[in-house]
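> I'd like to go over a predicted model; first the sequence, then the structure.
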Amino acid sequence: MKIDIDAIHKALANPVRREILAKLRDPARHFAGQEMPLEYGVCAGKIDQCCGLSQSTVSAHLAALQRAELVTSKRVGQWIFFKRNEEVIKTFIEQMNADL
């Protein structure tokens, strides 16, 4: 699998993005009470609430994570749900272990 190491580093340079990824690792714990099943991912609105930042700021962080392919999104009706892209994260960690 080919990944963009530089885009991932850039995305991970921001502490809010790292926090979002960390919380998406265990969505049942951090995003309880979501109406839709967590198998869809976590609703963007729940991520906004969790971060305590404006919707537009969180959207920009989620967009950066998507560009780096660290998260995937799925639209269901008017809502967008986000999940960690475990395959990319695993490949990134393996690459870092091999390179450093």
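In hand now; what should we look at? Residues are numbered from 1 along each chain as shown.
> and residue 49, what's its pLDDT?
Residue 49 carries a pLDDT score of 89 in this model.
> what's the neighbour count on it?
The tally of other residues near residue 49 (other CB atoms under 10 Å) stands at 14. The C-beta positions use only the backbone N, C-alpha and C, and glycine is treated the same way.
> now the helices for the chain?
Here the chain has its helices, by DSSP state H, at 5-12, 15-25, 27-30, 44-51, 55-67, 86-99.
> can I get those helices in a markdown table including distance to residue 73?
Converted to a markdown table, the helices of the chain look like this (distance: least, CB to CB, whole Å):
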| stretch | distance to residue 73 |
| --- | --- |
| helix 5-12 | 14 |
| helix 15-25 | 12 |
| helix 27-30 | 14 |
| helix 44-51 | 8 |
| helix 55-67 | 6 |
| helix 86-99 | 14 |
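> just those: most buried one?
The highest average neighbour count among those, using mean count of other CB atoms under 10 Å, belongs to helix 44-51 at a mean of 18.
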